[in-house]
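Asker: based on what follows, work out the 3D shape:
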Amino acid sequence: MSGVTGTGTGPGGAGGDGSGDSGEAGAGRGAVPGPFPGSGSGSRERILARIRAAVADAPDAPEPVRDYLDTHTPDSRAVDLLAENLADYRALVHRTDTEGLPALIGRLLTERGARTLLVPPLLPPGWLAGAPADLTRVADDPAVTAGELDTVDSVVTGCALAIAETGTLILDAAPDQGRRRITLIPDHHICVVRVPDQVVSSVPRAMPRLDPTRALTWISGPSATSDIELDRVEGVHGPRTLEVILLAE
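Answerer: From the prediction side, this is the model:
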């Protein structure tokens, strides 16, 4: 669907017939054309003038009060709740510590039968110490096409943050996560979440810790969609299989 903003292609503007005369709608450079001849800026300005007159003496709107609860989950419960909600979304959840992480990742790749692995540029090298020796590692290279990414078996990344109450992982394209598309095209994604440091209880608590200028990807379980009969299909918009490792550091 095309956007609703833009400029006309002919001399008559967006609502003109190309002749340069769009009637009342062409009265001003900022005029908004109406849906039929005779409507447009005249009617628009009359309506806006009435609104301005009606609110001319109205007091300024008060500042919003934000004293509402920003979470319903105590911090001590956040990691367990995250694991429960991830599992409810059909993600596969694993727990380990720093020492056991390489062996766990290696086992998951072996069980998957992965022959190729996409690796972000600054993924901690120790994470893949237990990966199969014959595994081909694919770099996060801008020159790699979407078609080539589609042939990659698995991808391993870190994350920026995880939200317990919604079971959501957030990636922000940091060097241990790579560009957005590397977690959307391969069919198997292993995401490592450092707990408890990268876990927050709620969305309001997540927002101050995120940089809105970065490319944020919010992931709540494997990619899934349903048709009108509610038949669930996974892997349509992203990985069919999402494995989340909760890494206790």
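Asker: export only the CA atoms of the top helix by length along the chain, formatted as CSV.
Answerer: Using DSSP state H, we find that the single longest helix of the chain is helix 41-55. Extracted in CSV, the C-alpha atoms of helix 41-55 (Å, rounded to 0.1, in the frame of the first residue of the first chain):
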residue,chain,number,x,y,z
SER,A,41,-8.9,24.6,1.5
GLY,A,42,-12.0,26.8,2.0
SER,A,43,-13.9,24.1,4.0
ARG,A,44,-10.7,23.0,5.7
GLU,A,45,-9.9,26.5,6.9
ARG,A,46,-13.4,27.1,8.1
ILE,A,47,-13.4,23.9,10.2
LEU,A,48,-9.9,24.7,11.6
ALA,A,49,-11.0,28.2,12.5
ARG,A,50,-13.9,26.9,14.4
ILE,A,51,-11.7,24.5,16.3
ARG,A,52,-9.2,27.3,17.2
ALA,A,53,-12.0,29.5,18.4
ALA,A,54,-13.5,26.8,20.5
VAL,A,55,-10.2,26.0,22.3
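Asker: quickly list what the residue positioned nearest the centre of the chain is bridged to.
Answerer: Nearest to the geometric centre of the chain sits Thr217, at 2.7 Å (CA atoms, centre = their mean). Under DSSP bridges, the beta-bridge partners of Thr217 are Leu171.
Asker: distance check, it against Asp172.
Answerer: Between Thr217 and Asp172 the distance is 8 Å, computed by CB to CB, to the nearest Å. From N, CA and C alone the C-beta is placed, and that goes for glycine too.
Asker: equivalent analysis for Ala131, please.
Answerer: Distance of Ala131 to Asp172, computed by CB to CB: 25 Å.
Asker: so the two - more neighbours on which side?
Answerer: Of the pair Ala131 and Asp172, Ala131 is the one with more neighbours under other CB atoms under 10 Å, namely 22 against 17.
Asker: please identify the helix or strand for that one.
Answerer: Here Ala131 is covered by no helix or strand, with elements defined by DSSP states H and E.
Asker: give me the phi and psi for the closest residue to it other than its chain neighbours.
Answerer: Among residues not flanking Ala131 along the chain, Gly106 sits closest, at 5.0 Å (CB to CB, 6 or more residues apart in numbering). Main-chain dihedrals, Gly106, degrees, to the nearest 10: phi -60, psi -40.
Asker: residues contacting Gly106?
Answerer: Contacts for Gly106 (CB atoms under 8 Å, 6 or more residues apart in numbering) come out as 128-132.
Asker: equivalent analysis for Arg205, please.
Answerer: Here Arg205 is in contact with 70-71 (criterion: CB under 8 Å, 6+ apart).
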